[in-house]
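>>> 3D model of this:
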Amino acid sequence: LRKFVEATAPADRALAAGGEGVDPTRAQILVALSRLPARIGGAPEALDQLMATASGAANVDQLFLYEAAQSWGYWALANGREGDAATAYQRGVVAAEAMGDDGVLELALALTGLGSAELLRGRMEQSEAALRRAYVISAPLAPESEGATVPFAEVVFQSARAWFKTLQSKQWSDGQEAPETPKVERNGLPERPRMCAYKVVAEPAIEYPRAAVRKLALGTIIFRYAVREDGAFRNVQIVAAAPANDFAPAVMEAAQQWRLQWTETGSQCRRTSDDMIMQIPFSMERVSTGNSINRTKR
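The predicted structure follows:
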């Protein structure tokens, strides 16, 4: 938003000059967005007007519209304005769809944002529809990856996965039937020796800050890490977190203390890995990592 504010003057001049040197539609978008901080209460209406005005323009920058909608949605969600967030993310979906094949990952991310906002509003059917679509769209584009770097496509897929798991947990905690996890196919990693058998010798509980969980009181964390020869965890990275990433420090602190002890030796298995993935569901009523390490993939 600060960048948008700084862009007001040149955008106004570009409009006054008839868009000379600057795409007129883009300049008009910059002007509208730069005014959002001053009238944040009217931002959803401004965004609606912005999208409606731009929708008929042949030269509109859909990626810019998408980024604007996502930015507003993120801000609204972080500030407890789930209804405004849902409106913004829906606009993001429209912009991403208009990008066609070039905006598939953006579409999945906007749908995940929409699904999360609807979940926080208690609109379970709408949440499931958006998250299921995001899950199915992103999975084929996110093959399992090697090494310490997490590709953007995997972040998008794991975000949809984390929120879908949180939706399931919410349904279960409310005594309702939870939706089934979508069946998808992802390209796996190349063949390599399996991990050696092990036992967990240190698994401190994660101390989640209550403020981070907000009103859902449950959620899901997916993180990636490396395991060394001595069984220690290294390079812990949060890949996805629902409902927020505020508890990343708590996960990091606990994971750095987790340790495995190998119970198998030999050349037929390996005792190191740079790309382990772990999913941990949690709730404030009963925070437990259980046997989460034993459910680790890869």
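>>> surely residue 172 touches residue 178?
Yes. Using Cβ atoms under 8 Å, residue 172 is in contact with residue 178, at 5.2 Å. In short, each C-beta sits where N, CA and C put it, glycine included.
>>> which residue of these two possesses the greater neighbour count?
Neighbour tally, residue 172 and residue 178, criterion other Cβ atoms under 10 Å: the higher count belongs to residue 178, 17 against 14.
>>> doesn't the more buried one belong to a strand?
No. Residue 178: not assigned to a strand; according to DSSP: H, G, I helix; E, B strand; the rest coil it is coil.
>>> surely it and residue 168 touch.
Yes. Using Cβ under 8 Å, residue 178 is in contact with residue 168, at 4.1 Å.
>>> mind listing what residue 165 touches?
Listed by Cβ atoms under 8 Å, 6 or more residues apart in numbering, the contact partners of residue 165 are 181, 220, 242, 279, 281.
>>> can you pick the most crowded of those residues?
residue 242 leads the contacts of residue 165 on contacts (other Cβ under 10 Å) with 28 neighbours.
>>> where does that residue fall, phi/psi-wise?
Reported as degrees, to the nearest 10, the phi and psi values for residue 242 are phi -130, psi 120.
>>> that one and residue 201: what is the separation?
Counting by Cβ to Cβ, to the nearest Å, the gap from residue 242 to residue 201 is 30 Å.
>>> grab the nearest non-local neighbour of residue 267.
residue 193 (8.0 Å; Cβ to Cβ, 6 or more residues apart in numbering).
>>> for residue 157, see how far away that neighbour is.
26 Å.
>>> quick one, which of the two is more surrounded?
In this view residue 193 and residue 157 are compared by other Cβ under 10 Å, and residue 157 has more residues nearby, 29 against 11.
>>> my guess is that one contacts residue 139, does it?
Yes. Residue 157 sits in contact with residue 139 when judged by Cβ under 8 Å, with a separation of 5.6 Å.
>>> what is the nearest residue to residue 173 once chain neighbours are set aside paired to in the beta sheet?
Leaving aside its sequence neighbours, residue 173 sits nearest to residue 218 (Cβ to Cβ, 6+ apart; 6.2 Å). For residue 218, the beta-bridge assignment (DSSP bridges) gives partners residue 283.
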